[in-house]
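>>> sequence-free structure coming up:
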Ligand SMILES: [Zn+2]
């Protein structure tokens with residue numbers, strides 16, 4: 001009798017493991033996407049460091065043009081990726097940068113036809129912990145540069161893009177919400193113990209983004225894609 005109960009308990013545990021494992025596969029993917037179209041008209045680009053996948057950035061089609069969220073870490077790798085995707089850098093009309101860390105602005109100079117959108121005016125002097133500037137010697141390429149205030153919305157080729165200030169990982173970190181559905185958070189989710197400017201701020205802004213129920217997809221620099229704000233919340237809490 002006891003053996004039978006034990007068997008049932010073991011089977012139940014096994015079933016639970018299978019359910020949880022499949023949920024985690026379908027709900028979100030905690031990995032850096034290979035370069036490719038990950039959903040209709042939305043592309044991931046993967047950049048490597050020492051042959052290890054290191055960071056994603058994302059490209060969204062807007063009419064006949066493209067909008068880019070972050071630019072990765074390496075121009076040569078990004079050039080190859082664009083070729084693979086059949087996207088010409090000259091068709092990129094806007095670059096939205098979530099923050100000024102080197103692994104998110106690496107290919108900025110490729111997008112010579114684009115306007116740059118960032119969160120704060122002193123973007124290139126953003127701060128990390130201990131008061132250190134993220135990129136002391138960085139010079140922005142010669143391109144139109146628009147800074148967005150918290151809550152600012154712009155329309156580009158039929159897409160509505162809203163900026164949210166989400167400082168914490170760095171002092172200039174922002175997130176961008178496209179068509180109230182696609183949320184690009186950059187490194188909002190990076191563990192504050194690894195790299196942060198202000199842990200309290202980061203926690204505050206994560207909570208704020210978690211309350212945006214209308215969001216369907218959350219795209220991050222180093223953790224792939226979360227297929228709803230619910231799973232983003234589940235992963236974070
Ligand atoms: Zn990063």
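Now that the structure is in, tell me what you want to look at. It should be emphasised that the depicted structure is a prediction, and the values quoted were computed from it without experimental measurement. Residues are numbered from 1 along each chain as shown.
>>> hey, let's count contacts and neighbours off CA atoms from now on
Fine.
>>> who does the longest strand anywhere in the chain pair up with?
What stands out as the longest strand in the chain, according to DSSP state E, is strand 52-62. Paired neighbours of strand 52-62 in the sheet (DSSP bridges): strand 42-49 (antiparallel), strand 65-69 (antiparallel).
>>> next, format those as TSV and append mean pLDDT and mean neighbour count.
As requested, these are exported to TSV (pLDDT from 0 to 100; neighbours: other Cα atoms under 10 Å):
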stretch	mean pLDDT	mean neighbour count
strand 42-49	96	21
strand 65-69	97	22
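>>> the ones you listed into TSV, with extra columns for distance to residue 88?
As requested, the strands paired with strand 52-62 are exported to TSV (distance: least, Cα to Cα, whole Å):
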stretch	distance to residue 88
strand 42-49	13
strand 65-69	9
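>>> in the longest strand of the chain, what counts as buried?
Neighbour-count burial for strand 52-62, counted by 16 or more other Cα atoms under 10 Å, picks out 54-62.
>>> so can I have JSON lines of the residues you listed showing distance to residue 219 and pLDDT?
As requested, the buried residues of strand 52-62 are exported to JSON lines (distance: Cα to Cα, whole Å; pLDDT from 0 to 100):
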{"residue": "54", "distance to residue 219": "15", "pLDDT": "91"}
{"residue": "55", "distance to residue 219": "12", "pLDDT": "94"}
{"residue": "56", "distance to residue 219": "9", "pLDDT": "97"}
{"residue": "57", "distance to residue 219": "9", "pLDDT": "98"}
{"residue": "58", "distance to residue 219": "8", "pLDDT": "98"}
{"residue": "59", "distance to residue 219": "11", "pLDDT": "98"}
{"residue": "60", "distance to residue 219": "12", "pLDDT": "97"}
{"residue": "61", "distance to residue 219": "15", "pLDDT": "96"}
{"residue": "62", "distance to residue 219": "17", "pLDDT": "94"}
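>>> nearest to residue 190, of those residues?
Of all those, residue 190 sits closest to residue 55, with 12.0 Å by Cα to Cα.
>>> wait, the closest one sits on residue 221?
Yes: because the distance of 5.5 Å satisfies Cα atoms under 8 Å, residue 55 is recorded as touching residue 221.
>>> give me the common contacts of those two.
residue 32 (Cα atoms under 8 Å, 6 or more residues apart in numbering).
>>> now for the buried residues of strand 52-62: which two are most distant?
Spatial extent of those (Cα to Cα) is set by the pair 54 and 62 at 26.6 Å.
>>> what does the pLDDT read for residue 23?
With respect to pLDDT, residue 23 has a value of 49.
>>> what does residue 173 give?
pLDDT, residue 173: 93.
>>> measure it to residue 14 for me?
Note on residue 173: its distance to residue 14, by Cα to Cα, to the nearest Å, is 42 Å.
>>> these two: which has the busier surroundings?
residue 173 (28 against 12; other Cα atoms under 10 Å).
>>> low pLDDT regions in the protein?
1, 18-30, 129-132, 192-195, 234-237 (pLDDT under 70).
>>> quick one, domains of it?
Segmentation of the chain into domains, based on automatic domain parsing, reads 1-29, 31-236.
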